[in-house]
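K.L.:
Structure of the sequence below:
(2 chains)
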There are 2 protein chains.
Amino acid sequence: MALIVQKFGGSSVADIERIQNVARRVARTVAAGNQVVVVLSAMGDTTDDLIALARQLTPYPSEREMDMLMSTGEQQSVALLAIALQSMGYKAVSLTGEQAGIRTDRVYSRAKILSIDSVRLERELASGKVVIVTGFQGVDSLGEIHTLGRGGSDTSGVALAIGLNADFCEIYTDVDGVYTADPRIVPQAHKLAEISFDEMLEMSSLGAGVLQPRSVEVAKTFNMPICVRSSFNDNEGTMVKEEVDMKQLEREVLVSGVAYDGDVVKVTVYGVPDRPGIASELFGALADAKINVDMIIQSGHKDGKNDISFTCGKEADGKLEEILEPVVEQLAAEHFSLADDVAKVSIVGAGMITNPGVAAKMFKCLYDNGFNIDMISTSEIKVSCILQKEGAKDAVRALHDSFGL
Amino acid sequence: MALIVQKFGGSSVADIERIQNVARRVARTVAAGNQVVVVLSAMGDTTDDLIALARQLTPYPSEREMDMLMSTGEQQSVALLAIALQSMGYKAVSLTGEQAGIRTDRVYSRAKILSIDSVRLERELASGKVVIVTGFQGVDSLGEIHTLGRGGSDTSGVALAIGLNADFCEIYTDVDGVYTADPRIVPQAHKLAEISFDEMLEMSSLGAGVLQPRSVEVAKTFNMPICVRSSFNDNEGTMVKEEVDMKQLEREVLVSGVAYDGDVVKVTVYGVPDRPGIASELFGALADAKINVDMIIQSGHKDGKNDISFTCGKEADGKLEEILEPVVEQLAAEHFSLADDVAKVSIVGAGMITNPGVAAKMFKCLYDNGFNIDMISTSEIKVSCILQKEGAKDAVRALHDSFGL
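P.N.:
Numbering: from 1, shown residues only, chains lettered A, B, ... in the order given. Next comes the predicted model:
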């Protein structure tokens, strides 16, 4: 008998029929002799609808009240799933984040989970129930409700799996696993049976959706395997875990996948005086505005001045100018430019570490296919290039071919 | 500076515009120098919509899960009102039943409030905030969510007023006070400035909606004045309180109002053997089925047998036959009949206690106007008669005239 945490996203519980589908899937897992904890998001567009209601009152509702408001969405879906399972003859109970012992820090709208007090969860499981927990939320030590922000429900699932010492955490999405590239871009992309936490982290960060990097980080830290599966079919998913099967490395699969991210803004600050503390001032201002900066490149200096380029997500687009203008003036830099006609194409693979020449092969492939590389950033298991957006998806296809995926 | 609890029902917060209206009313009360605690129901049809969702899964969802589901409605409305007040520049915070310290017993779907732990409420008030609390719900000592059942939100308002030692509790509805009769039946009915708890209790029980009897009982026990007002205008409401103004009694207003209840089913069980325990068996079976029985009349016995008549609310109609059939057989009674073509007409007034002849005047008025009285029930401050439904509203008008209201 295994203890399995199954997490379903909002599209999997968008209406009563889909909730019944989820109930049947959970029931099958129970019938196979497993204990099951289910973590749910809010039904379909519920969260967006609640946000829209609040925005009718003010464009900037308080985060504390938004957490009160939005946490109701998951509470509705867990109660409905409990009712669905009970109507099928299964014992089930729904729990709020608080009842499930999910303790967070005190940051509204993007709280982090501090701990899981699993006493009640274990009692309910021991009594033979399916336990259904609200994703995306928890309470702080004062009983205040906090939502976990983007990717929170995946993180709830992984955290509960860790807190309960579950065998693994299944995350159900609308795709049936992790692919070597986005199948919408590369039709011959294929599903990976396994992928390591680090590779998955890079893939996630690089725009290959499926899992939020945050939940993978937590899973990696506590070595909790995640199985990514589709809620719409019974296909085997992709197992994200510490050690990938040695066979796979022996087949010399250096590159596990190619990722594409079209939601990138490239910023260049020209003529920045070359003195200590400059980078700290520039990126400190961006961090204060909660803008996640991704790739950073500083060119060699000339006449005591540097050009600094960096990329960030498109959601920062509207705020960048007003943040950068005073900073650029303060730094006595010359000027800055923004470009959103760029895309990030990356290759990811644990095999790269011990195999020189993978990056070179990527650059050659791009050159052979006529792409001009604008920025490069590397880690031990990935190489990312910023290209002109036009045609960048062709680059993904070319790389997928070139690395024989 | 007064501390006032203001309770608004679902129709008062049915959409964003009405929530803003409520916010403006609360703001006026604050601007006048008062501390305000607001208690809200769920927006408009939210509760019904949630029930309908659950019913798509099963006709009999578990009460525990229904409480989880339905309690989200109030959590949404309080968060939205907090956001509305904040956007107008007022300090406000919304609290769940749990956060507001509303402790209930462990009965799902119709819990009773056991206590109010007002520590947090008082802290928030002291910091200058409007505190907005979810009506209709609380938690038990295990942290389980319970709804309070019908009339629960009014009771939440009164209980919070008591727990905080507020000056009074305003209950906003769609009528602007308590009338001498339903103005839809008696156009010349007028609004009462004051009414005693006992009179209000009888009026409520007798179908003169406005306040749920339950909240009036609690208010009476703790002597917490209730002001019934309309959320759609600024008219003075009706004050429900312990002592009515002596002037009113001196004007010999013996009868405060006439009530009409058309949602009545009359049951007669014929030929019930006259032995001890019969009434207990019959009404025990009805109580087990959670049917509230109102008037009970046992006629004088004849040949060792009685006829027993009683009335109950129309919501029991569908269940009565299947409950009564086995009981009637078990009691060895002859048969039973149901009649729903009846109505209950009542007069209510604290002045009756010390003034004989009020009941007689009522019977004479009904006789003079050609009405046949089917059942009679009296208390110290009311007389109720069951009449044929046809024309019963004319009886209300005749009584309103006859008692000079």
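
K.L.:
Please enumerate the helices of the stretch 251-400 of chain A.
P.N.:
For the stretch 251-400 of chain A, helices defined by DSSP state H, counting those that start in this stretch occupy the ranges A:278-288, A:317-330, A:358-368, A:392-402.

K.L.:
rank the ones you listed by mean pLDDT and give me the bottom one.
P.N.:
Across those, the stretch with the lowest average pLDDT is helix A:278-288; it has a mean of 79.

K.L.:
Next, the buried residues of it.
P.N.:
Neighbour counts over helix A:278-288 (16 or more other Cβ atoms under 10 Å in any protein chain shown) mark A:Ile278, A:Leu282, A:Phe283, A:Ala285, A:Leu286 as buried. C-beta coordinates here come from the backbone N, C-alpha and C atoms, glycine included.

K.L.:
out of the residues you listed, which one sits closest to A:Asp45?
P.N.:
A:Asp45 has its nearest neighbour among the buried residues of helix A:278-288 in A:Leu286, at 31.5 Å by Cβ to Cβ.

K.L.:
Let me see the contact set for the residue of chain A most remote from its centre.
P.N.:
Of all residues in chain A, A:Asp303 has its C-alpha farthest from the mean position, at 41.9 Å, by Cα atoms, centre = their mean. In this structure, A:Asp303 makes contact with no residue, judged by Cβ atoms under 8 Å, 6 or more residues apart in numbering or on different chains.

K.L.:
Among the helices of the stretch 251-400 of chain A, show me which one is buried the most.
P.N.:
Of these, the one with the most neighbours on average (mean count of other Cβ atoms under 10 Å in any protein chain shown) is helix A:392-402, at a mean of 20.

K.L.:
That one vs helix A:358-368, what angle?
P.N.:
For helix A:392-402 against helix A:358-368, the angle by axes from the mean of the first three to the mean of the last three Cα atoms, to 10 degrees is 130 degrees.

K.L.:
hmm, who's touching helix A:392-402?
P.N.:
Helix A:392-402 has contacts (Cβ under 8 Å, 6+ apart) with A:180-182, A:185-186, A:188-189, A:258, A:260, A:262, A:343, A:345, A:347, A:361-362, A:365-366, A:368-369, A:371, A:387.

K.L.:
So among those, which ones count as buried?
P.N.:
A:180-182, A:185-186, A:189, A:258, A:260, A:262, A:343, A:345, A:347, A:361-362, A:365-366, A:371, A:387.

K.L.:
Tell me the residues of chain A that contact chain B?
P.N.:
In this structure, chain A approaches chain B at residues A:16, A:19-20, A:50, A:53-54, A:56-58, A:61-62, A:64-66, A:68-69, A:71-73, A:75-76, A:78-80, A:82-84, A:86-87, A:93-94, A:96, A:98-99, A:143-145, judged by Cβ under 8 Å from any Cβ of the partner chain.

K.L.:
Show only the entries of those residues found in helices.
P.N.:
Secondary structure of those is defined by DSSP state H; positions in helices are A:16, A:19-20, A:50, A:53-54, A:56-57, A:64-66, A:68-69, A:71-73, A:75-76, A:78-80, A:82-84, A:86-87.

K.L.:
Got a quick ChimeraX command for the buried subset of those residues?
P.N.:
Selection of buried members from those for ChimeraX, criterion 16+ other Cβ under 10 Å:
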select /A:16,19,20,50,53,54,56,57,64,65,66,68,69,71,72,73,75,76,78,79,80,82,83,84,86,87
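
K.L.:
Apart from its neighbours in sequence, what residue is nearest the residue most central in space within chain A?
P.N.:
Among the residues of chain A, A:Gln212 comes closest to the average C-alpha position under Cα atoms, centre = their mean, at 1.4 Å. With sequence-adjacent residues excluded and distances taken as Cβ to Cβ, 6 or more residues apart in numbering or on different chains, A:Gln212 is closest to A:Gly151, at 2.7 Å.

K.L.:
ok, now A:Asp374?
P.N.:
Taking Cβ to Cβ, 6+ apart, and ignoring the residues beside it in sequence, A:Asp374 has A:Ile386 as its nearest neighbour in space, at 4.4 Å.

K.L.:
Next up, the contacts around the one you found.
P.N.:
If a contact means Cβ under 8 Å, 6+ apart, then A:Ile386 has A:Val264, A:Lys266, A:Met295, A:Thr311, A:Val342, A:Ala343, A:Lys344, A:Ile373, A:Asp374, A:Met375, A:Ile376 as its contacts.

K.L.:
Mind splitting chain A into its structural domains?
P.N.:
Per automatic domain parsing, the domain ranges recorded for chain A read A:3-250, A:258-402.

K.L.:
Check those for me: which has the lowest mean pLDDT.
P.N.:
When the domains of chain A are compared on average pLDDT, domain A:258-402 comes out lowest at a mean of 82.

K.L.:
doesn't A:Gly349 make contact with A:Asp198?
P.N.:
No - under the criterion of Cβ atoms under 8 Å, A:Asp198 makes no contact with A:Gly349, lying 9.8 Å away.

K.L.:
ok so, going back, compute the distance between the residue nearest to A:Asp374 and A:Gly97, please.
P.N.:
Distance of A:Ile386 to A:Gly97, computed by Cβ to Cβ, to the nearest Å: 39 Å.

K.L.:
burial measure for the residue of the stretch 201-350 of chain A found nearest chain B, as a count.
P.N.:
Across the stretch 201-350 of chain A, no residue is closer to chain B than A:Ser231, which sits at 17.9 Å (Cβ to the nearest Cβ). Residues lying near A:Ser231 (other Cβ atoms under 10 Å in any protein chain shown) number 21.

K.L.:
Quick check: the gap between the residue nearest to A:Asp374 and B:Arg106.
P.N.:
If you measure A:Ile386 against B:Arg106 using Cβ to Cβ, the figure is 60 Å.

K.L.:
Also A:Ala289?
P.N.:
49 Å.

K.L.:
Repeat that for A:Ile51.
P.N.:
Distance of A:Ile51 to B:Arg106, given as Cβ to Cβ: 35 Å.

K.L.:
And A:Thr238, by the same measure?
P.N.:
Applying Cβ to Cβ, the value for A:Thr238 to B:Arg106 is 45 Å.

K.L.:
likewise A:Gly177?
P.N.:
Looking at A:Gly177 against B:Arg106, where the rule is Cβ to Cβ, the gap reads 45 Å.

K.L.:
Looking at these two, which is more packed in?
P.N.:
The residue with more neighbours, out of A:Gly177 and B:Arg106 and counting by other Cβ under 10 Å, is A:Gly177; that gives 22 against 12.

K.L.:
which residues does that one contact?
P.N.:
Shown here is A:Gly177, whose contacts under the criterion Cβ under 8 Å, 6+ apart are A:Lys191, A:Leu192, A:Val210, A:Val228, A:Arg229, A:Ser230, A:Asn235, A:Glu236, A:Gly237, A:Thr238.

K.L.:
which one is it nearest to, not counting chain neighbours?
P.N.:
Closest residue to A:Gly177 apart from its sequence neighbours, by Cβ to Cβ, 6+ apart: A:Thr238 at 3.7 Å.

K.L.:
A:Val267 pairs with what?
P.N.:
With DSSP bridges applied, the residues forming beta bridges to A:Val267 are A:Phe310, A:Leu338.
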